[in-house]
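1. predicted model and sequence follow; I will ask about them next.
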Amino acid sequence: MLSRRNVRVKVMQVLYAVSRDSELTLADAHKRYKDSVRAAIKLYMFNLLYLSKSAEYSIKDAERRKAKHLPSAEDKAFSPKLYRNPLADSLTRNTKVAAYYKHDDMEVLINEDIIRRLYTEFAKTDEYREFVMTARPVDEHYIDMWLELYKVLLRDEAFNELLEDAYPNWIDDESLIIGAVKKTLKSMPLQENFYEAYLPSDEAVREFGEALLEKVITLDKELTEIIEPMLQNWDADRVAIIDMILLKMAVGELTAFPTIPTKVTLNEYVEIAKLYSTDKSQEFINGILDRLMKKLQADGDIAKIGRGLVED
């Protein structure tokens, strides 16, 4: 589930923490990085849990409608089929998923008031009301309804605040998690161990992320010496902290990962600077990295494996 972009951001954040706290060791940095990686899968699972609980509220809705003295045609036609259907069962009655929720004690974060409000808002939509009146929904109908319900969750301010409080990485991983949840819903009915496909790969997390983190920390002085001559009129101590971290990461990546194209490395760090640093960082990083790449290539410090991996 984690792309190299996500991994780079997580490495950057750990390096920033290290730069702010001199007592953090390499072991501490590795632990923080691993915790951050694990938090992504937790966020994914928690989104699925909240979505399931919101759909489950249709059972209470059915009981409420059934108790009416003068039920409408919609009330009479209503059943909790949003939650009780073979596709949803593959998620809501999945024993492995339930064990994961229990292991991480996720259900303590469920806010019944938020669940009730989310479902009530969803129940007013034309899409859901049409679904209620559909006598024989097909698989696509169930999937579409869960996707529509998820949209309601994502628009809700209280739900987003809850996510940010429980999982601070939500802000950084939001688009990643949303994409994974939507892909999961579109794949229903699900295999019992479906979530394992979203576990971070060793290649991205360990072989790339951990190696890059360790290289930047252990070779901090050497990386600074490579970068300083390229700063021209800039004093290294006055460069924005995030910018210097990104430059060190980029040099480490250019020189230590032979299968990543140089252009990809340059573009990635320019984009990360645009998102996480100062207004002028994008242009600054782009200019410095361009000079650094040319110098490293001239010195023979960039060795790429495969055709087309080095930019002329």
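-> Ah, there it is. From a predicted model like this one, the values you see are computed outputs, not experimental measurements.

2. go ahead and confirm residue 281 touches residue 271.
-> No - counting by Cβ atoms under 8 Å, residue 281 stays clear of residue 271, with 10.8 Å between them. From N, CA and C alone the C-beta is placed, and that goes for glycine too.

3. so which of those two has more stuff around it?
-> It is residue 281, of residue 281 and residue 271, that has more neighbours when counted by other Cβ atoms under 10 Å, with 21 against 14.

4. so who does that one touch?
-> 240, 242, 243, 273, 274 (Cβ atoms under 8 Å, 6 or more residues apart in numbering).

5. tally up the residues packed near the fourth one, please.
-> By that I understand residue 273. With other Cβ under 10 Å as criterion, residue 273 counts 26.

6. that one and residue 49: what is the separation?
-> 35 Å (Cβ to Cβ, to the nearest Å).

7. residue 228 too?
-> 49 Å.

8. neighbour count winner among these two?
-> residue 49 (21 against 12).

9. immediately after the helix or strand containing that one, which helix or strand?
-> Assigned by DSSP states H and E, residue 49 falls within helix 26-66. Downstream of helix 26-66, the next assigned helix or strand under DSSP H and E is helix 73-77.

10. helices and strands around that next one, which ones?
-> The contact analysis (3 or more Cβ pairs under 8 Å, 6 or more residues apart in numbering; DSSP states H and E) places helix 73-77 against helix 126-132.

11. so which bits of the helix it packs on are buried?
-> 128, 131, 132 (16 or more other Cβ atoms under 10 Å).

12. what's the weakest-modelled helix or strand in this protein?
-> helix 202 (a mean of 86; mean pLDDT, DSSP states H and E).

13. how distant is that one from the center of its chain?
-> 17 Å (Cα atoms, centre = their mean, to the nearest Å).

14. neighbouring contacts of it?
-> With Cβ under 8 Å, 6+ apart, helix 202 has no contacts at all.

15. same question for stretch 128-144.
-> Outside stretch 128-144, the residues that reach it (Cβ under 8 Å, 6+ apart) are 73-74, 77-78, 81-82, 85, 87-88, 122-123, 127, 145, 148-149, 185-186, 188.

16. out of those residues, which end up buried?
-> Buried among the contacts of stretch 128-144 (16+ other Cβ under 10 Å): 78, 81, 82, 85, 87, 88, 122, 123, 145, 149, 185, 188.

17. so the first one is in contact with residue 62, correct?
-> Read it as residue 78. Yes - using Cβ under 8 Å, residue 78 and residue 62 qualify as a contacting pair, with a distance of 5.9 Å.

18. what number of residues are in the vicinity of residue 140?
-> Neighbour tally, residue 140, other Cβ under 10 Å: 10.

19. could you say which helix or strand holds it?
-> Going by DSSP H and E, residue 140 is part of helix 139-155.

20. quick one: mean pLDDT for that helix?
-> Across helix 139-155, the average pLDDT comes to 98.

21. buried residues in the following helix or strand past that helix, which are they?
-> Toward the C-terminal end, the helix or strand that comes next after helix 139-155 (DSSP H and E) is helix 157-166. Buried positions in helix 157-166, judged by neighbour count with 16+ other Cβ under 10 Å: 159, 162, 163.

22. just how off-centre is helix 157-166 within its chain?
-> 15 Å.

23. same question, stretch 34-54
-> 9 Å.

24. residue 211 and residue 116: what is the separation?
-> On the measure of Cβ to Cβ, residue 211 and residue 116 end up 47 Å apart.

25. assign a three-state SS to the nearest residue to residue 55 once chain neighbours are set aside, would you?
-> Spatial nearest neighbour of residue 55, excluding adjacent residues (Cβ to Cβ, 6 or more residues apart in numbering): residue 83 at 4.4 Å. Assigned with DSSP: H, G, I helix; E, B strand; the rest coil, residue 83 falls in the coil class.
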